[in-house]
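Chemist: Mind folding the following:
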Amino acid sequence: MITDGSEFADGERLVLAKPLVEALRQRRNALLAALENREKPVYGVNTGMGRLAGVALDARQQAEHQRNLLIGRAVGGPPWLPPEDVRALLLVRLRDFLQPWSGVSAELVQFLVDRLNDGFTPAVPRGGLGSSGEIIPLSHAFQTFLGIGTVLEDGVETPAADALARRGAEPYVLGPKEGASLLQGSPLAVVHARRGWAEARQLIQLQTLTEAMAIDVLGAPREVFSPVMAGGDDHLRRLLEALTGMVGAGPVRAGVVQAPLSVRVAPRALAHASRANTELHETVERWQTMPGDSPSFVEGEFLPGTAYHAVDLGLRMDAVTAALVHLGEISVQRTHRLLDERFSGLPPQLTADPGPRAGLVPLHKRAVGELHALRRLAAAARGAGDARFDRHLGGAGGRAGVRVGRGGAAAGGRDAPVRDHGVRAGHGVAGAVPGVRRGTGVERGLRVGAVGGAAGRGGPAPGARGRAVDRRLPRGQTCRRVSLGAGPWRCSR
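Modeler: The predicted structure follows:
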């Protein structure tokens, strides 16, 4: 039962409480009365949009305008967002509409609740951000309420009108301001930020465990991990305390003066990632207190807002992405050290038969390749020299959200083919290396320390394309090829 606009549980049938429905109707009536009595224009309601904001709309044009807003801006296409992201988007929009500054009708809110309950999944472009806010994906999402556009039924593209008919639902007829309200704000940036924060938190926890096991399997001296070395950095202190609690005062391998650099610096990188992720979470919490509509209906007045510009969410997600990619860099190097008998004291390349068998070297090489692909995700969502700032309003949030999702792979994506392969290989390590018994700290260290940290999602980054590569030669000759690393050179003067 939804009683107010605060957080409500997903995964069960949503029902609007009667007092909440009554409150929605009262706010809607107040908004309509304010529109009727207002002499000044209200942007997007009785005016055009963007450059045409100065064009007044008559009563007939206003009735068509809200519908046209959704249709005219649905200019994206596949690939589509996964269904779970689309549902999260609808839930964020529902929460927005339940706030006192919204003013949409109880009928629109009920229609949205009904679509959440019957599994209605609009086809929302995965890309297409970078206009004003998230207008392109939101147009695709909510034009389907009008019976226009495409939805996904078991992954199959289906006309929205047919999907509504199968549910016994008539296409929704928009009232004043409702089309504009469906397009306002940055709900997708909020979705990406929430999910990115939760996934990054889990990855940081797993990387902390991996670091502890690497310390254990390497028999590394513990002094560098003393919480005293954190000074006034609370994140680093808590991280070092957690590591100390995991590894305890275990044995130090004879002749080892200090752990490899990748092991020594990992706590600092983990603390930075934790700090960046905490700041992302705090930013998301702040967003939940701010009006997302523009104009919002606040205390009887129509006030313009700027929630379409999710710059703070976007840049916070970029910071988390960069931190995760750096953890991936450390993980790959740490894995290399675990394969080197000079550092581990174990058979070279973690194989019982060095030379004829490569052990886990192929896994490390694959991890290196994946890391190089993932480094591009650490670039900022917006270049500092963008000529047209307005073209990128809000786009940073959505693009950075995708970066957080992909960037997590650098520290061990949960659905990574490499990770699955590596874990299978890791399970066989104990039997392949003489003297290592299953269930011991060393065996666990081999499996997690050598495998988990290097995991990453398989395949090239989505959208990777061949690019022209020039090579300058003497006497003014230029050779050119279009490649992803192969292909014939074409030379000319």
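Chemist: can you give me the strands in the protein?
Modeler: Ranges of strands within the chain are 150-153, 156-159, 296-298, 301-303, 467-472, 478-483, 490-492, based on DSSP state E.
Chemist: Lowest average confidence across the ones you listed, which one?
Modeler: Comparing mean pLDDT across the strands of the chain, the weakest is strand 467-472, with a mean of 39.
Chemist: Need the nearest residue in space to Leu90, chain neighbours excluded.
Modeler: Distances taken as Cβ to Cβ, 6 or more residues apart in numbering place Leu116 nearest to Leu90, at 5.5 Å, with adjacent residues excluded. In this view, the C-beta of every residue, glycine as well, is placed from N, C-alpha and C.
Chemist: My guess is that neighbour contacts Arg95. True?
Modeler: No - in this structure, Leu116 is not within contact of Arg95 by Cβ atoms under 8 Å, at 11.4 Å.
Chemist: quick one: the residue nearest to Leu90 and Gln143, what's the gap?
Modeler: 17 Å (Cβ to Cβ, to the nearest Å).
Chemist: who has more neighbours, the two?
Modeler: Ranked by neighbour count (other Cβ atoms under 10 Å), Leu116 and Gln143 place Gln143 first, with 23 against 17.
Chemist: distance between the longest helix anywhere in the chain and the chain's centre?
Modeler: As assigned by DSSP state H, the longest helix anywhere in the chain is helix 187-218. With Cα atoms, centre = their mean, to the nearest Å as the basis, helix 187-218 stands 13 Å off its chain's centre.
Chemist: Which positions within that helix qualify as buried?
Modeler: Within helix 187-218, the residues that qualify as buried are 187-197, 199-201, 203-204, 206-218, counting by 16 or more other Cβ atoms under 10 Å.
Chemist: Give me the neighbour count for the closest residue to Ala322 other than its chain neighbours.
Modeler: Nearest residue to Ala322, sequence neighbours excluded (Cβ to Cβ, 6+ apart): Ala378, at 4.3 Å. For Ala378, the count of nearby residues is 19 (other Cβ under 10 Å).
Chemist: what's near enough to touch Ala378?
Modeler: By Cβ atoms under 8 Å, 6 or more residues apart in numbering, Ala378 lies in contact with Thr321, Ala322, Val325, His326, Gly407.
Chemist: Serialize those to TSV and add fields for distance to Arg342 and neighbour count.
Modeler: TSV is the format used below for the contacts of Ala378 (distance: Cβ to Cβ, whole Å; neighbours: other Cβ atoms under 10 Å):
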residue	distance to Arg342	neighbour count
Thr321	34	29
Ala322	31	21
Val325	28	24
His326	25	20
Gly407	32	31
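Chemist: among those, which one has the lowest pLDDT?
Modeler: Ranking the contacts of Ala378 by pLDDT, Gly407 lands last with 47.
Chemist: pretty sure Met317 contacts Leu280?
Modeler: Yes - taking Cβ under 8 Å as the definition, Met317 is a contact partner of Leu280 at 6.3 Å.
Chemist: neighbour-wise, which of those two wins?
Modeler: Met317 (34 against 26).
Chemist: Do you know the pLDDT at the more buried one?
Modeler: 93.
Chemist: Kindly provide the distance from it to Gln202.
Modeler: Applying Cβ to Cβ to Met317 and Gln202 gives a distance of 16 Å.
Chemist: ok now do the residue lying closest to Leu164 once chain neighbours are set aside, which residues does it touch?
Modeler: The shortest distance from Leu164 to any non-neighbouring residue, by Cβ to Cβ, 6+ apart, is to Gly147 (5.5 Å). Gly147 sits next to Ala160, Ala161, Leu164, Pro171 when contact means Cβ under 8 Å, 6+ apart.
Chemist: For Gly369, state which of the residues you listed is nearest.
Modeler: Ala160 (41.3 Å; Cβ to Cβ).
Chemist: picking that back up, if I look at the residue nearest to Ala322, how far off is Leu32?
Modeler: Relative to Leu32, and taking Cβ to Cβ, Ala378 is found at 49 Å.
Chemist: And Val124, by the same measure?
Modeler: Distance from Val124 to Leu32, counting by Cβ to Cβ: 30 Å.
Chemist: And these two? Which one has more around it.
Modeler: For Val124 versus Leu32, neighbours defined as other Cβ under 10 Å are more numerous around Val124 (30 against 15).
Chemist: which residues does Val86 contact?
Modeler: Thr121, Pro122, Val124, Ala141, Leu152.
Chemist: Contacts for stretch 223-231, please.
Modeler: With Cβ under 8 Å, 6+ apart as the test, stretch 223-231 has contacts from 215, 236-237, 239-241, 243-244, 247, 258-259, 264, 267, 271.
Chemist: From those, list just the buried residues.
Modeler: Ile215, Leu236, Arg237, Leu239, Leu240, Leu243, Thr244, Val247, Ala259, Pro267, Ala271.
Chemist: correct me, but the fifth one touches Pro267?
Modeler: Yes - counting by Cβ under 8 Å, Leu240 touches Pro267, with 5.6 Å between them.
Chemist: What segments of the stretch 301-450 of the chain are helices?
Modeler: 311-339, 341-344, 361-374, 395-407, 417-427, 429-432, 441-444 (DSSP state H, counting those that start in this stretch).
Chemist: Looks like Gly103 contacts Leu31 (just checking).
Modeler: Yes - using Cβ under 8 Å, Gly103 is in contact with Leu31, at 3.7 Å.
Chemist: Pull up the overlap in contacts between those two.
Modeler: Joint contacts of Gly103 and Leu31 (Cβ under 8 Å, 6+ apart) are Lys177, Phe297.
Chemist: Show me where the protein dips below the pLDDT cut-off.
Modeler: Scanning the chain for pLDDT under 70 picks out the ranges 1, 4-11, 128-132, 379-493.
Chemist: run the last query once more with 80
Modeler: For the chain, the stretches with pLDDT under 80 are 1, 3-12, 127-133, 249-250, 377-493.
Chemist: My guess is Arg115 contacts Phe142. True?
Modeler: No - counting by Cβ under 8 Å, Arg115 sits too far from Phe142 to count as a contact (10.0 Å).
Chemist: out of these two, which sits in the busier spot?
Modeler: Using other Cβ under 10 Å as the criterion, Arg115 and Phe142 rank with Phe142 on top: 29 against 24.
Chemist: Just the CA atoms of stretch 266-273, as CSV, please.
Modeler: Backbone C-alpha positions of stretch 266-273 (Å, rounded to 0.1, in the frame of the first residue of the first chain) are rendered in CSV as follows:
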residue,chain,number,x,y,z
ALA,A,266,45.3,-1.4,-2.8
PRO,A,267,43.8,-0.3,0.5
ARG,A,268,44.3,3.4,-0.5
ALA,A,269,42.6,2.8,-3.8
LEU,A,270,39.8,0.9,-2.1
ALA,A,271,39.3,3.7,0.4
HIS,A,272,39.1,6.3,-2.4
ALA,A,273,36.5,4.1,-4.2
